[in-house]
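A.B. asks: From the sequence below, what's the structure:
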Amino acid sequence: MSITNEESSNVYKFLRQTLTDQNNFVRAWSYNGFYELSRQHSMYKDETEQYFEMAMRDEAPSVKARIRNIMKKNG
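C.D. replies: This is a model prediction of the structure:
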């Protein structure tokens, strides 16, 4: 899914909000959204990596599994 420069700010804001959702499923897919956003807009890369590092320490096992799958895609 393509994210234009104009849309990237709104996508970023949405993903930031959903990272703190109570539902593990929503948070897991927020991390996936950050991965996609950072792939298309490098200015989000460092922040996304920091979120992944924090998540691997603090998140539920199901969310960590989603992040591991994302990281496998990234090589």
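
A.B. asks: hey, let's count contacts and neighbours off CA atoms from now on
C.D. replies: Fine.

A.B. asks: The closest residue to residue 44 other than its chain neighbours: neighbour count?
C.D. replies: Excluding the flanking residues, the one nearest residue 44 by CA to CA, 6 or more residues apart in numbering is residue 38, at 4.8 Å. By other CA atoms under 10 Å, 19 other residues sit near residue 38.

A.B. asks: residue ranges for the helices of this protein, please.
C.D. replies: Applying DSSP state H to the chain gives helices spanning 5-18, 24-40, 45-58, 61-74.

A.B. asks: Quick check, central residue of this protein?
C.D. replies: residue 31 (2.2 Å; CA atoms, centre = their mean).

A.B. asks: Quick check: residue 53 vs residue 4, distance?
C.D. replies: Remark: distance between residue 53 and residue 4 (CA to CA, to the nearest Å) = 26 Å.

A.B. asks: ditto for residue 26
C.D. replies: 23 Å.
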